[in-house]
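Undergrad: please work out how this folds:
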Amino acid sequence: MYQRILSYELRLEKLDVQTEVPIPIVWKGHTLDEGFRADVIVENKVLVELKSVEEFKPVYAKQTLTYLKLANLKLGLLINFGAPTIKQGLKRVVNGL
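TA: From the prediction side, this is the model:
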């Protein structure tokens with residue numbers, strides 16, 4: 001539900017939004033197509049990982065960073081819709097490339 005609503009709102013702002021984007025893994029020169037799926041990618045620049053949990057765990061940021069590295073993207077947003085406020089539920093993740 002959160003993914004659909006967020007995607008809808010971003011598209012209303014005329015942004016290019018992709019959802020459930022497959023992120024392949026390249027291992028020893030072979031591409032494994034169904035490695036991971038990014039929840040949302042905006043303008044082919046920002047990867048958005050969505051959660052709805054009581055608290056952030058360090059593994060969520062690590063997961064987002066892994067997706068960024070595999071997708072060759074620099075910026076990610078980890079959004080937790082289970083947090084009391086959006087400010088508390090928002091974490092920026094940067095891939096140093």
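Undergrad: which helix runs longest in the chain?
TA: If you go by DSSP state H, the chain has its longest helix at helix 58-71.
Undergrad: for that one, which residues meet the burial criterion?
TA: Buried residues in helix 58-71, defined by neighbour count with 16 or more other Cβ atoms under 10 Å: 60-61, 63-68, 70-71. The way it works is simple: take the backbone N, C-alpha and C, and place the C-beta from them, glycine included.
Undergrad: outside of that helix, which residues touch it?
TA: By Cβ atoms under 8 Å, 6 or more residues apart in numbering, the residues outside helix 58-71 that reach it are 21, 23-25, 35-36, 38, 41, 47, 49, 51, 53, 73-76, 78, 80, 91, 93-95.
Undergrad: so which of the residues you listed belong to strands?
TA: 21, 23-25, 35-36, 38, 41, 47, 49, 51, 75-76, 78, 80, 91, 93-94 (DSSP state E).
Undergrad: restricted to buried residues, select these in ChimeraX.
TA: Buried subset of the ones in strands among the contacts of helix 58-71, written as a ChimeraX selection, criterion 16+ other Cβ under 10 Å:
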select :23,38,41,47,49,51,76,78,80,91,93
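Undergrad: now do the lowest-mean-pLDDT helix or strand in the chain: which elements does it pack against?
TA: Taking mean pLDDT, DSSP states H and E as the measure, the chain has strand 30-42 as its least confident helix or strand, at a mean of 86. When contacts are defined as 3 or more Cβ pairs under 8 Å, 6 or more residues apart in numbering; DSSP states H and E, strand 30-42 sits against helix 2-12, strand 17-27, strand 46-51, helix 58-71.
Undergrad: quick one: closest of those to residue 87.
TA: When the helices and strands packed on strand 30-42 are compared by Cβ to Cβ, strand 46-51 sits nearest residue 87, at 15.2 Å.
Undergrad: strand partners (parallel or antiparallel) of the least confident helix or strand of the chain?
TA: Take DSSP bridges as the rule and strand 30-42 pairs in its sheet with strand 17-27 (antiparallel), strand 46-51 (antiparallel).
Undergrad: what's the least confident stretch among those?
TA: The minimum mean pLDDT among the strands paired with strand 30-42 belongs to strand 17-27 (a mean of 89).
Undergrad: can you count the residues close to residue 29?
TA: Residue 29 has 5 neighbours, counted by other Cβ atoms under 10 Å.
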